[in-house]
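Asker: Pasting a predicted model and its sequence here:
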Amino acid sequence: MPSSTDTTAQSDLAVRGRHLPGLDGVRALAIAAVLAFHLGILSTDAPRGLLLTGGFLGVDLFFVLSGFLITSLLLEERAVTGAIALGAFWIRRARRLLPALAAMIIGVMVAAPLAMRVAGTLGTDNLSTIQLRRSGVAALVYVANWYDMLQNASPARSFLGESPFSHCWSLSIEEQFYLVWPLVTVAIGIAAGRRWRGAGLIVCGLLGTASLLAMALSTPSIVVWVWGYFATTSRAWELLIGAGLAYLTACRPQPGPRLRRALGIASPLCLLGLAWFWWAASTTATWGYRWGFLVYCLLAAVLIADVAQARPSPTARVLSIPPLRGLGRISYGVYLYHWPIFLLLPAFWHLSGAGLNVARVGMTLVVAVTSWFLLERPVLSRRLPRLPGLGVSLAASATAAVALFFATSPSVALGTIANQHVAPPARVDGAPRGSGQLSSSVPFDLPPRAAGPTRILVLGGTPSYDLEPGLAASLGATPGVAMTVAAWQPSDLIAASPEVSRYFLLLQQLDAVAHVRPQVLVIMPSELDASFLLANPATAVNEEAKAFAQLAKQPSVVGVVLAGYPGWLAPAPGGGTAETLWQQAVSQATQLDGRIRSAPVETSLNGADGSFPTWLPPTNDPSAPRSSWVRVQMTNNIGLCPAGQVRYAAALDSDVATLSGLPKPPAGWWRGSWTMASRLLAPPAWCPADSPVHPWRAGHGVVR
C-alpha cells in the first residue's frame, strides 16, 4: 500500500470520482476547430474569415487532454486502491471506444455502396473495394496512422484524407498510447516507489524530448510532414505533456489561492493563444514542427490545469456553459462520424456552398447525439456488467469486420456499372491499335531473362498515376516483369517557377531510377512537363530532351520508351500545343541517345477524325449504337477510364514487348477488379456509367 504521504482522500484528488464540466468545454473547442478545418478543406471557395487553417491542432488539444486524464486516472487509482488494474482499464477503454467505432464503420459500409449506386461512382478517392477494405481494417485495429503513411506515396493524399476512414489516424495514436502507457506507469511505480512523481516526470521529459525531436527532424513536405505528423513516435510527446501535468497534479490537494489566481489569469490568455494558432498555423510551416506546436501544447496544458480544478475558475465556468458541455460530451462521436458524413453526404443531397456545410454539420450532430444516447452511454452504464459490456463491444467490432469484407466485395459495392464492362483491346492487323509506330524497333540489349525479371519503371504525373491499374494488369502482370510506377503531381513539387519545378522533378526521377534500378524506363508526360514546355518553348524543348538523355545514361538503364499521351491541348505561345512540344522534345531525345525510342501509343485512343474523344465504341466500330459506347476519358479531361486504359495499356505493352522481348500479358487481363480501382472511380464521378446518349453532368449524375 502507498504510504500516508502518497495517499489523499478521494475527494481531494484532481480527477478521479468527479465529472469536470469545464473539460467538456475544452473538448468542445477542440472538436469545433477540427470541424472548421475540415469544412475549409472541402470548401476551397469559402472566405478566409470562415476558415481555420490551424484547426487541425484541435487534435493536438485532444492529445494533451487525453494524456492528462488517462494518467491522472491511473495514478489516482493506485493512490486509492494500492494498485492499477490493467485489465479493468483496458476493458473500460474497449467499452468506451469500440462500439461507436464499429457503428461508424458499419455505417460507411452501408452508405458507400448506396452513394456509388446513386452517383455512378464510389464518391471519394479511396472508396474502392480493396482500399476501402484495407483502410477500414486499419481503423478497426487502430493502426490507421501507420497504414496512411506506408500506403500513400503522396503527402497530399495522406493528409487530405480522401478515404472516409482517414481521420482515424489520431484515434489510432491514442489507442496505441492507451496500450503502452499504463504498462510504463506501473513500471515507474514499481521501480521508483515513493519517488514515483519525480521518476514519472523524468520519464515523461525524456520520452517527450525524443518524440519531439523525431517530429522536428522529420522530412519536410509541401503539404504536411508525413512522418512528423502521423507517426506515433513523433506525436507521443503531446500525450506525454498531458501525462507530465498529471504527474504534477495527481494525488495532491487542490491548488491554493495564489496558484488559483495565477492560473485564472493565465488560462484566458492561453485560450487566446490557442485561438491564434487555430487561425494562423499551417501544416507546412517549418516553425510549427520545430517549436510552434510545442508552444501550443504548453498553452493547452496550462488551460487544462486551470479547468481541471474542483473549484471552477472563471475560464472553467465559461467553458461549462450548456452548449459547450453538450458538444464536449458527444465530441468522440462527432469526431468519428463527421468525416464520413462530410464526404458522402453530397452523393445523396445535391447541395453546395453554405447549405451543404450546414447540412454536413447538422447531420453529424444528429448522428453523434443518437449514438451517444442509444449506443455509447448504454454500453458504459454501470447497469451493464463489465464483461457483458466488453462482449457487446467485441461483437460490434466483429460485425464491423464482417461488414468491411461483405460490403467491399465488387458485386455489392459496385453493383452493375455497365461502363466498367470493358471489351478486349481494339486491334488492327492483329496488333493492338496504336502500337507498332516506334521510332526504331531495334530491340534493347537486355541481359538474359534467366538473370532475373526485367525491371520496368514508369515515370510520369497524374496520367501515369491514374493508369497504374491498367498498366499493372497488363505490363506489370506479364511473366518475367517487375514493374513500378512513380508519379508526381503538381501539388507534390510546388516551386517558384515551372523551370524550378521541372528541375526538382528530374531530381525525383533520378532518385527513383537509383532506387528501383530499372533496365527499361517508360516516361510519360506530366503536368509539370507541360507547364515547363509552355513557359518558354524556345529553350524548354531542348532542355526536356537533355533530361530524357540524362535519365537514359543512368547505370542500370538499357533502354527508354517515351510514350505519348492524348489530350495535351493547352496552346503554346508560338503555336501548336503542349502535345506538339512534347513530340518535338521526344524527337530530339531519340537523336541524342540511341537507347531512346518514341512510342506514340496515344493514337490508340483516336477517334475516326483523329481527335481524343470522350466515348468510343466498345470494338472501335463507329457504326455501333451510340448508346453502347463507353467512356474512355475521365470527366477531368486528363485521366483514362478503364475502357481507355485497355486501349492505351495494350498498345504500350505491345511496343515495350517488341523492344524487350517480353511474352504476352495474361489472357483476359483487360477484365477483372482493376477496372474498379479507386483512382478510376474518384470524385466527381471521374468515370461515370454514361454514354453519348445519356451523358453525365456535374451535380445531376447520368442524364436519362
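Answerer: Here it is on my side, so go on. This is a predicted model, so every value here is computed, not measured.
Asker: all strands of the protein, in order?
Answerer: Using DSSP state E, the strands found in the chain span residues 427-428, 431-432, 454-460, 481-487, 520-523, 559-563, 596-599, 615-616, 630-631, 696-697, 701-702.
Asker: would you turn those into JSON lines with mean pLDDT?
Answerer: Putting the strands of the chain into JSON lines (pLDDT from 0 to 100) gives the following:
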{"stretch": "strand 427-428", "mean pLDDT": "77"}
{"stretch": "strand 431-432", "mean pLDDT": "89"}
{"stretch": "strand 454-460", "mean pLDDT": "93"}
{"stretch": "strand 481-487", "mean pLDDT": "89"}
{"stretch": "strand 520-523", "mean pLDDT": "95"}
{"stretch": "strand 559-563", "mean pLDDT": "95"}
{"stretch": "strand 596-599", "mean pLDDT": "95"}
{"stretch": "strand 615-616", "mean pLDDT": "88"}
{"stretch": "strand 630-631", "mean pLDDT": "85"}
{"stretch": "strand 696-697", "mean pLDDT": "70"}
{"stretch": "strand 701-702", "mean pLDDT": "53"}
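Asker: Of all those, which one is nearest residue 376?
Answerer: strand 701-702 (35.8 Å; Cβ to Cβ). No exception for glycine: its C-beta is placed from N, CA and C like everyone else's.
Asker: So, low pLDDT: which residues of the stretch 1-150 of the chain?
Answerer: 1-18, 44-50, 115-131 (pLDDT under 70).
Asker: Can you show me the helices along it?
Answerer: Remark: helices assigned in the stretch 1-150 of the chain by DSSP state H, counting those that start in this stretch are 21-42, 58-81, 86-119, 129-140, 144-151.
Asker: Just send the ones you listed back as a markdown table, with distance to residue 465 too.
Answerer: As requested, the helices of the stretch 1-150 of the chain are exported to a markdown table (distance: least, Cβ to Cβ, whole Å):
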| stretch | distance to residue 465 |
| --- | --- |
| helix 21-42 | 21 |
| helix 58-81 | 28 |
| helix 86-119 | 21 |
| helix 129-140 | 14 |
| helix 144-151 | 14 |
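Asker: looking at those, which is closest to residue 210?
Answerer: helix 58-81 (15.6 Å).
Asker: The closest one packs against which elements?
Answerer: For helix 58-81, the packing partners by 3 or more Cβ pairs under 8 Å, 6 or more residues apart in numbering; DSSP states H and E come out as helix 21-42, helix 86-119, helix 168-192, helix 232-249, helix 293-307.
Asker: Save these as a markdown table, and put in distance to residue 486 and mean neighbour count too.
Answerer: Listed next are the helices and strands packed on helix 58-81 as a markdown table, based on distance: least, Cβ to Cβ, whole Å; neighbours: other Cβ atoms under 10 Å:
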| stretch | distance to residue 486 | mean neighbour count |
| --- | --- | --- |
| helix 21-42 | 26 | 22 |
| helix 86-119 | 30 | 20 |
| helix 168-192 | 25 | 19 |
| helix 232-249 | 25 | 25 |
| helix 293-307 | 31 | 23 |
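Asker: show me what contacts the nearest residue to residue 482 once chain neighbours are set aside?
Answerer: Excluding the flanking residues, the one nearest residue 482 by Cβ to Cβ, 6 or more residues apart in numbering is residue 453, at 4.3 Å. Each residue near residue 453 by Cβ atoms under 8 Å, 6 or more residues apart in numbering is listed here: 480-482.
Asker: who wins for proximity to residue 556 among the helices and strands packed on helix 58-81?
Answerer: Comparison of these against residue 556 by Cβ to Cβ identifies helix 232-249 as nearest, at 33.8 Å.
Asker: Centre of the chain to the closest one, how far?
Answerer: 26 Å (Cα atoms, centre = their mean, to the nearest Å).
Asker: quick one on the thing from earlier: as CSV, the contacts of residue 453 with distance to residue 545 and neighbour count would be great.
Answerer: Shown next, in CSV, are these (distance: Cβ to Cβ, whole Å; neighbours: other Cβ atoms under 10 Å):
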residue, distance to residue 545, neighbour count
480, 31, 13
481, 28, 22
482, 28, 15
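Asker: that older thread, just the pLDDT for the residue nearest to residue 482.
Answerer: At residue 453, the pLDDT value in this model is 87.
Asker: Using PDB, write out the CA atom coordinates for stretch 528-538.
Answerer: Output of stretch 528-538 as PDB, limited to C-alpha atoms (Å, rounded to 0.1, in the frame of the first residue of the first chain):
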ATOM      1  CA  LEU A 528       5.000  19.600 -64.800                       C
ATOM      2  CA  ASP A 529       6.400  18.800 -68.300                       C
ATOM      3  CA  ALA A 530       3.500  20.600 -69.900                       C
ATOM      4  CA  SER A 531       3.900  23.800 -67.800                       C
ATOM      5  CA  PHE A 532       7.700  23.700 -68.400                       C
ATOM      6  CA  LEU A 533       7.300  23.300 -72.100                       C
ATOM      7  CA  LEU A 534       4.700  26.000 -72.400                       C
ATOM      8  CA  ALA A 535       6.600  28.500 -70.200                       C
ATOM      9  CA  ASN A 536       9.400  29.000 -72.700                       C
ATOM     10  CA  PRO A 537       9.200  26.700 -75.700                       C
ATOM     11  CA  ALA A 538      12.300  28.100 -77.400                       C
END
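Asker: Of all the residues in that stretch, which ones are buried?
Answerer: Residues of stretch 528-538 classed as buried: 528-535, 537 (neighbour count, 16 or more other Cβ atoms under 10 Å).
Asker: Among these, name the ones in helices.
Answerer: 528-535, 537 (DSSP state H).
Asker: if I look at residue 627, how far off is residue 644?
Answerer: 19 Å (Cβ to Cβ, to the nearest Å).
Asker: Between the two, which has more neighbouring residues?
Answerer: residue 644 (29 against 9; other Cβ atoms under 10 Å).
Asker: Leaving out the residues flanking it, which one is nearest to that one?
Answerer: Residue 644's closest residue in space is residue 632 (Cβ to Cβ, 6+ apart), at 3.3 Å.
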